[in-house]
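# predicted model, plus sequence, below.
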Amino acid sequence: MKPQDILEAIGEHIGGTEIVYGPVHTRLRKKVPAAWRLWDDAEQKWAIFVLAGNTLSEVDAKSIRQARPNKLRLLLIVQKYEELAALAPIYREVTPYVMYPIAGKMTLIPPPAFPGNPPIPVTSLSRVPIELLDSAGKLQGLPSPLKTTVQNLARTYADMVKANKCTDETEEKALLSFARAVLTQMGLDPSHIKSTAMIRTLERDQLGARRDHFYHSFQNYFLGLAAIAELRGEFLSFRALAKVNWDIEPADVWFLTALWHDVGYAAQKFDNVFNAAFGEDDEENQGIKVEAIHRLLDRPAAQKGMRAMASLMSRLLKPQNAKSGWLEPSSNAKLGEHADGLKRAIHQNILKSHGALSAIRLYCDYTDDIDNMEPDRQALLKQTVLLACCSMPFHDFWFRSNVRDECEHCCLPVEALPFAALLAFVDSIQDDRRNLEAVREAVLILEKLLITPPNRVGAEINIEALDGQQLLDKIIEGRDVLAALDQPQNALQFKYPAWIGA
């Protein structure tokens, strides 16, 4: 942003005027010499800093720390996500106001309060909490076969813990066995769960990120399962609203959405894998990655999937435009301006991040199996897969940004895209055990998911358990998700803690 644009945003959010000369300016400038601007809103004087880069100089850090002792309110301007890393180490210490672009618009974010004493780390018996599995096994709104399978998994976990054999390997085996059973119940080939297992393989060898995505996906699934079971009707509202009258099982759509939402992450961390295998680190690696992605996208199934996703996404994002039932577009059919924009957003996201790529992987994993089924089974399973494919990309911050770039805005009607909204909400708050090395002794961050009939989903988050980077990530991600959700009063309501956003 240009300096004048930043000044206009400051004036819009806090009012007042810049202090540009006089004795007050001279006095304050001596106290916070590195401040970009000094401001007066009639009630409080401000020291304003603009962050640049992902590190903070000692001079800037010292000047920032001097604001509060001199009774100045602190405002830090952060224009890019990468710049949050410069703020993170001192965020909890200086508790500044932050101005950051949320959904493309500079937004003022007040500092949260930090009550209470620091939390005490707790020893975790398992990566996926046993209490979460026990709770899921008691849900009344699940299909009977699924409920039985969840209860069997909970018993398996209990036996592993009792025998002192709950290790990463045995837990992984139990979860994959559970996933295969669910896929079999759905009528899909369980061998394709290897796509999710691939992430775990990368992380176990520390070739990908240093955060867990395998167990994280299962935690997302079991957390969200409570909303699916207790608010079932809310996850079927899309049918009449968007004239997509499919007789799908919400729990099946949620399973695919949650389990596949991060499988594209391996491509996002391609450089780590390539460097570990070949000991090379240069720009040619990026070219290899792009070539591999284009080879995937050139596959007929991927081309078909991108068109189908763009068309169905467009219908669900703008359900008010529905005049008749939705049909998957043929290869030569015109998609329309909005769907064309979504197709471009999907393509851009695949090159940069993992949300849309995960969806394409799901589509390609099962399209051949579905096409080879009897016609009476094809339709339902194809609808289930397509809904999951259209739901999972929106959990990706970068995909929402891509959609805004290509389609002007990204606004999800929760009545038409309930699975997308649920994943984005749960994924943005569920981060308590993703550190691969410290998972067995960690402070619980997400304390519980709160389901309040008839339509509310909320969360209790332990703010004291978050370090500066985690805290900033929670606030920024949560606010961006909120900005993307259109939540009428009579529809699903996703409620964050007040310190994230109302």
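All right, it came through fine.
# residues in contact with Ile476?
Shown in contact with Ile476 (Cβ atoms under 8 Å, 6 or more residues apart in numbering): 81, 84, 100, 102, 109. Bear in mind the C-beta positions are built from the backbone N, C-alpha and C, glycine included.
# okay, now the unreliable bits of the stretch 251-400 of the chain?
Across the stretch 251-400 of the chain, the ranges flagged by pLDDT under 70 are 265-286.
# whoops, the stretch 101-250 of the chain was the one
Applying pLDDT under 70 to the stretch 101-250 of the chain picks out residues 115-123, 197-212.
# can you give me the strands for it?
105-109, 122-123 (DSSP state E, counting those that start in this stretch).
# ok, back up a step: between the contacts of Ile476, which is nearest Ala498?
Ile109 (12.5 Å; Cβ to Cβ).
# so what's the residue count around that closest one?
In terms of burial, Ile109 registers 21 neighbours under the definition other Cβ atoms under 10 Å.
# got a list of what it touches?
By Cβ under 8 Å, 6+ apart, the residues touching Ile109 are 97-100, 475-476, 479.
# go with 6 Å
Residues near Ile109 by Cβ atoms under 6 Å, 6 or more residues apart in numbering: Val98.
# tell me the bridge partners for it.
Val98 (DSSP bridges).
# quick one on the thing from earlier: which one (most neighbours) among the contacts of Ile476?
Within the contacts of Ile476, most neighbours by other Cβ under 10 Å means Tyr100, with 24 neighbours.
# before we move on, the earlier item: reformat the strands of the stretch 101-250 of the chain as CSV; add distance to Ile64.
Below are the strands of the stretch 101-250 of the chain laid out as CSV (distance: least, Cβ to Cβ, whole Å):
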stretch, distance to Ile64
strand 105-109, 16
strand 122-123, 34
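# looking at those, which is closest to Lys323?
strand 105-109 (32.6 Å).
# burial measure for the closest residue to His213 other than its chain neighbours, as a count.
Leaving aside its chain neighbours, His213 sits nearest to Asp262 (4.4 Å; criterion: Cβ to Cβ, 6 or more residues apart in numbering). Residues lying near Asp262 (other Cβ under 10 Å) number 25.
# hang on, isn't Asp262 packed against His216?
No. Judged on Cβ atoms under 6 Å, Asp262 makes no contact with His216 at a distance of 7.1 Å.
# for Phe461, give me phi and psi.
Quick fix: residue 461 is Ile, not Phe. For Ile461, the backbone dihedrals (degrees, to the nearest 10) come out as phi -120, psi 130.
# do you know how far it is from Ser428?
10 Å (Cβ to Cβ, to the nearest Å).
# do the same with Gly11
Counting by Cβ to Cβ, the gap from Gly11 to Ser428 is 30 Å.
# when these two are compared, which one has more neighbours?
Set side by side, Gly11 and Ser428 show more neighbours around Ser428, with 23 against 14, by other Cβ under 10 Å.
# now the more buried one. Nearest residue, chain neighbours left out?
Glu477 (4.4 Å).
# test my guess that the one you found contacts Val426.
No. Glu477 lies out of contact with Val426 (Cβ under 6 Å); the separation is 11.6 Å.
# more neighbours: which of those two?
Val426 (24 against 20).
# touching, that one and Leu223? I think so.
Yes. Using Cβ under 6 Å, Val426 makes contact with Leu223 at a distance of 5.3 Å.
# looks like Thr55 contacts Ala85 (just checking).
No. Taking contacts as Cβ under 6 Å, Thr55 lies outside contact range of Ala85: 7.4 Å.
# the two: which has the busier surroundings?
Set Thr55 next to Ala85 and count neighbours by other Cβ under 10 Å: Ala85 wins out with 17 against 12.
# A helix includes that one, no?
Yes. Assessed with DSSP: H, G, I helix; E, B strand; the rest coil, Ala85 lies in a helix.
# ok, now which ones touch it?
Asn54.
# quick check: the gap between it and Arg27.
From Ala85 to Arg27 the distance is 33 Å (Cβ to Cβ).
# Leu422 now?
53 Å.
# those two - which one has more neighbours?
Legend: neighbour count by other Cβ under 10 Å for Leu422 and Arg27, higher for Leu422 (29 against 11).
# who's in contact with that one?
By Cβ under 6 Å, 6+ apart, Leu422 lies in contact with 224, 227.
# point out where the stretch 401-502 of the chain drops to low pLDDT.
431-445, 447, 502.
# can you map out the strands along it?
Using DSSP E, counting those that start in this stretch, strands in the stretch 401-502 of the chain cover 412-413, 441-442, 446-452, 456-461, 485-486, 493-495.
# deepest-packed of those, please.
strand 412-413 (a mean of 24; mean count of other Cβ atoms under 10 Å).
# residues in contact with Met160?
166, 170.
# same check on the one 10 residues further on?
Thr170 is in contact with Met160, counting by Cβ under 6 Å, 6+ apart.
# now it: how far from Arg65?
The separation that Thr170 has from Arg65, given Cβ to Cβ, amounts to 48 Å.
# hang on, the earlier thing: Asp467: which of the contacts of Ile476 is nearest?
The closest of the contacts of Ile476 to Asp467 turns out to be Leu84 (Cβ to Cβ; 12.5 Å).
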